[in-house]
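Asker: Task: produce atomic coordinates for the following.
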Amino acid sequence: MKLSRAISTILLFLVSAALCAVFYLLTQNIPVTEPRSAPKAENSSLPDIVITGFEQSSVKNGITELTLKADTVSFFERKKRMLLEKVSATFFSNDGTSSNLVADRGIMNTRTNNINLYGNIAATSGVYKIMAQTLCYDAKNNIIHSDIPVVMTGDSLYCRGNSFTFYPSTGRAVLSGSVKAEISGRQ
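Answerer: The predicted model follows:
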């Protein structure tokens, strides 16, 4: 009995030692590596940066020309573009008045700061309201324009034209191309 007990103790010791040796070898052979980020594809459609609550002002010669806001902005460095969602912009004239614009989305060229706006565009300037599906902002010339039909309304005015140009610095608007206008009397 003493011999079987001694053998049991030796076997238990050997099994424990073997398990400890296996555990030690397994933990020593696991390579420690830094987590790798997925490589970006050359034509990746993922933005480099996403910003929520975006706001930017454009100032020339100490005068603010434009304040641009967007709920979300996705910045693509390689493409030099920013995709804007739920856009609002305020354009300031030389006399201090402002014109406001909202759009569903926009694309800004970060080299030129030109902006193409799309979807449910509504702009107001004084008593006038402009409705369009696309508008383009030329930052260098501070001009808003469209070659897609635009509707302009006012107190007693309804106009529709095939193209539109607005000069925010002066507040001057030009509607052209098959313009149809209705002027009604005030009540």
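Asker: remind me which residues of the chain are low pLDDT?
Answerer: Applying pLDDT under 70 to the chain flags residues 1-44, 185-187.
Asker: After the strand ranked longest in it, heading C-terminal, what element do we hit next?
Answerer: For the chain, the longest strand by residue count, based on DSSP state E, is strand 63-76. Using DSSP states H and E, the next helix or strand after strand 63-76 towards the C-terminus is strand 81-92.
Asker: quick one: that next one to chain centroid distance?
Answerer: 8 Å (Cα atoms, centre = their mean, to the nearest Å).
Asker: Can you work out which other helices and strands pack against that strand?
Answerer: Here strand 81-92 touches strand 63-76, strand 98-109, strand 115-125, going by 3 or more Cβ pairs under 8 Å, 6 or more residues apart in numbering; DSSP states H and E. For every residue, glycine as well, the C-beta is placed using N, CA and C.
Asker: Present those as CSV; the columns should include mean neighbour count.
Answerer: Listed next are the helices and strands packed on strand 81-92 as CSV, based on neighbours: other Cβ atoms under 10 Å:
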stretch, mean neighbour count
strand 63-76, 18
strand 98-109, 19
strand 115-125, 18
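Asker: Which one, of the ones you listed, ends up nearest to residue 86?
Answerer: strand 63-76 (3.8 Å; Cβ to Cβ).
Asker: and for the closest one, what are the contacting residues?
Answerer: 47-59, 81-92, 106, 108, 110, 115, 137, 139, 142, 168-169 (Cβ atoms under 8 Å, 6 or more residues apart in numbering).
Asker: what pairs with that strand, and is each one parallel or antiparallel?
Answerer: Strand pairing for strand 63-76, determined by DSSP bridges: strand 49-60 (antiparallel), strand 81-92 (antiparallel).
Asker: Please find the angle between the direction vectors of it and strand 98-109.
Answerer: 30 degrees (axes from the mean of the first three to the mean of the last three Cα atoms, to 10 degrees).
Asker: related to what we said a few turns ago, can you list the strands paired with strand 63-76 in CSV and add distance to residue 69 and mean neighbour count?
Answerer: Below are those laid out as CSV (distance: least, Cβ to Cβ, whole Å; neighbours: other Cβ atoms under 10 Å):
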stretch, distance to residue 69, mean neighbour count
strand 49-60, 5, 12
strand 81-92, 5, 20
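Asker: export those strands to a markdown table and tack on distance to residue 176?
Answerer: Listed next are the strands paired with strand 63-76 as a markdown table, based on distance: least, Cβ to Cβ, whole Å:
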| stretch | distance to residue 176 |
| --- | --- |
| strand 49-60 | 26 |
| strand 81-92 | 20 |
